[in-house]
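Undergrad: Just a sequence and a predicted model for now, questions to come.
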Amino acid sequence: MDMKTTLKTSVAVGALFALAAPVASGSAEAGFKNQNSKVNLTMGGQIVRSLLHADDGERTQLFNIDGRSTGTRVRYIVSGQLTESVKVGGLLEHDVGQSNDSFDFTGSGVGDEVHGNTTAFGIRHHHMTFSHKSMGKLTIGRANTASNGTSEVGLNGAGDLVLGGNTMLSTIEFTTGTGGAFSGITAASQTSTFDGMSRDDVVRYDSPKIGGFALATSLLDNGVTDVALRYGGKVAGLTVKAAASYVNRAGATSEGTAGAIESQYSMSGAVKHESGLNARVGYGSGRAENSGTAPKTVWYGLGYSAKMSSLGATNLFVERYDAEDIAVAGREMETTYVGVSQKLDSIGSTLGLLYGKHELTDAASVDYNDIDTVMLQTKLTF
């Protein structure tokens with residue numbers, strides 16, 4: 001382990017011990033003390049572990065991994081009041097080095113499994129915000145782009161388990177025929193929800209909410225721009241959430257590369273009845289450079305939420321993702337999920353169980369074997 005990694009690990013461990021220190025009732029010292037007493041500092045994060053069983057039609061393996069839709073991370077949140085109308089905030093959030101971050105069956109021997117560790121800390125967020133009471137919020141730094149999350153709207157409690165048709169696949173390949181020969185096609189690359197530009201170095205503006213609607217736009221440092229519209233509120237007794245975004249990649253480094261996505265959009269929405277019944281739907285598409293194809297994905301699902309025990313709310317759900325022409329024209333991938341997410345209110349954490357079935361077809365009528373996955377995941381927040 002090099003000195004840089006050692007220092008990072010030492011800081012993280014030290015912060016965790018500081019957080020665990022006893023806090024005197026009514027004391028201004030909340031476990032740890034920041035040097036600047038004029039701003040508030042909060043530390044938090046999560047530890048995620050999963051057991052994932054995969055079957056590619058010929059081989060099976062149990063992988064002991066981090067999370068798939070969410071992962072182990074640590075964060076520091078800073079907030080302060082600049083003026084009566086302006087608040088200043090800051091967020092540092094890092095992915096902690098993760099064990100078995102990638103996994104598949106393509107080892108050096110027949111049937112061998114492969115898994116790889118990510119030892120370095122990753123940068124998720126590194127930004128400052130300036131929020132005005134009536135004029136909105138300005139964000140500068142590495143943060144969520146305006147379009148990030150617009151394909152992930154849901155009210156079924158499945159967000160920690162499912163964020164697309166490739167959630168559980170890592171680098172697992174589809175196999176062919178009764179012998180289970182590797183096809184060279186990585187399953188996760190055959191589907192996409194076109195969920196904006198994730199996190200990047202941005203200048204982002206968010207408007208105030210008006211009638212439940214809010215507009216956001218951001219400029220990335222490579223010249224890409226995006227815009228998103230979000231809604232949240234009550235309609236006819238139903239809880240409703242929705243989002244839509246458009247991304248113009250004209251300034252991206254991939255411009256001019258055949259098959260590269262030059263523009264894309266996504267939209268998703270969800271409704272929930274007071275009985276706990278809920279539904280979600282979404283659509284994403286992109287225009288590929290110099291290819292004449294328009295890859296797209298449609299997804300939809302049903303769910304039910306109720307407090308069935310003293311542990312907390314239980315969320316049951318079924319979801320389906322249908323992707324076309326994502327990697328190759330004429331190739332389609334269908335993914336079906338059945339899952340349950342259990343809130344653990346006493347410790348503010350979550351336990352989830354998810355089954356996924358992944359099917360691939362193409363214009364050449366190759367006999368691809370289905371991939372079946374089952375994952376048990378625990379997220380412990382702090």
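TA: Now that the structure is in, tell me what you want to look at.
Undergrad: ok but residue 346 is inside a strand, no?
TA: No - judged by DSSP: H, G, I helix; E, B strand; the rest coil, residue 346 forms no part of a strand; its state is helix.
Undergrad: gap between it and residue 314?
TA: Per Cβ to Cβ, to the nearest Å, residue 346 is found 15 Å from residue 314. The way it works is simple: take the backbone N, C-alpha and C, and place the C-beta from them, glycine included.
Undergrad: hey, what's residue 42 bridged with?
TA: Beta-bridge pairing for residue 42 (DSSP bridges): residue 77.
Undergrad: got the contact list for it?
TA: Residue 42 makes contact with 76, 77, 79 under the criterion Cβ atoms under 8 Å, 6 or more residues apart in numbering.
Undergrad: Can you say which of the residues you listed are buried?
TA: residue 76 (16 or more other Cβ atoms under 10 Å).
Undergrad: got the contact list for stretch 351-362?
TA: Applying Cβ under 8 Å, 6+ apart, the set of residues contacting stretch 351-362 is 160-162, 165, 167-169, 174, 185, 187, 190, 328, 330-342, 344, 368, 370-379.
Undergrad: Excluding chain neighbours, what is closest to the residue nearest the centre of the chain?
TA: Nearest to the centroid of the C-alpha atoms of the chain, with distances taken as Cα atoms, centre = their mean, sits residue 69, at 4.9 Å. Leaving aside its sequence neighbours, residue 69 sits nearest to residue 163 (Cβ to Cβ, 6 or more residues apart in numbering; 4.3 Å).
Undergrad: hang on, isn't that neighbour packed against residue 153?
TA: No - between residue 163 and residue 153 there is no contact under Cβ atoms under 8 Å: 11.3 Å.
Undergrad: who's more crowded, these two?
TA: Applying other Cβ atoms under 10 Å to residue 163 and residue 153 shows that residue 153 carries more neighbours, namely 23 against 18.
Undergrad: How about residue 373: which residues does it bridge to?
TA: The partner list for residue 373 in beta bridges (DSSP bridges) reads residue 54, residue 356.
Undergrad: ok, it - contacts?
TA: Contacts for residue 373 (Cβ under 8 Å, 6+ apart) come out as 52, 53, 54, 55, 168, 169, 354, 355, 356, 358.
Undergrad: Lowest-scoring secondary structure element of this protein by mean pLDDT?
TA: Least confident helix or strand, the chain: helix 3-20 with a mean of 38, by mean pLDDT, DSSP states H and E.
Undergrad: So for residue 346 and residue 314, which residue has more residues nearby?
TA: Ranked by neighbour count (other Cβ under 10 Å), residue 346 and residue 314 place residue 314 first, with 17 against 9.
Undergrad: Quick check: phi and psi at the more buried one.
TA: Per-residue torsions, residue 314: phi -110, psi 130 (degrees, to the nearest 10).
Undergrad: what sits opposite residue 344 in the beta ladder?
TA: Applying DSSP bridges to residue 344 yields these beta-bridge partners: residue 349.
Undergrad: Got the phi and psi for residue 162?
TA: Torsion angles at residue 162 (phi, psi; degrees, to the nearest 10) stand at phi -130, psi 120.
Undergrad: next one: residue 261
TA: According to degrees, to the nearest 10, residue 261 has phi -80, psi 120.
Undergrad: Surely it is in contact with residue 249?
TA: Yes - in terms of Cβ under 8 Å, residue 261 counts as a neighbour of residue 249; the distance is 6.3 Å.
Undergrad: of those two, who's got more company?
TA: Using other Cβ under 10 Å as the criterion, residue 261 and residue 249 rank with residue 249 on top: 23 against 19.
Undergrad: In contact with residue 296, which residues?
TA: Contacts of residue 296 by Cβ under 8 Å, 6+ apart are 283, 284, 285, 286, 323, 324, 325.
Undergrad: make it 6 Å
TA: Residue 296 is in contact with 285, 324, counting by Cβ atoms under 6 Å, 6 or more residues apart in numbering.
Undergrad: got a pLDDT number for it?
TA: pLDDT recorded at residue 296 is 96.
Undergrad: ok, it to residue 102 distance?
TA: Distance from residue 296 to residue 102, by Cβ to Cβ: 27 Å.
Undergrad: And for residue 49?
TA: Residue 49 is 16 Å from residue 102, where distance means Cβ to Cβ.
Undergrad: what does residue 164 give?
TA: 17 Å.
Undergrad: Those two: which has the busier surroundings?
TA: For the pair residue 164 and residue 102, the greater number of neighbours falls to residue 164 (24 against 15), based on other Cβ under 10 Å.
Undergrad: Just to check, the more buried one is in contact with residue 192?
TA: No - the criterion here is Cβ atoms under 6 Å, and residue 164 misses it with residue 192 at 7.1 Å.
Undergrad: tell me which of the contacts of residue 42 is nearest to residue 40?
TA: residue 79 (4.9 Å; Cβ to Cβ).
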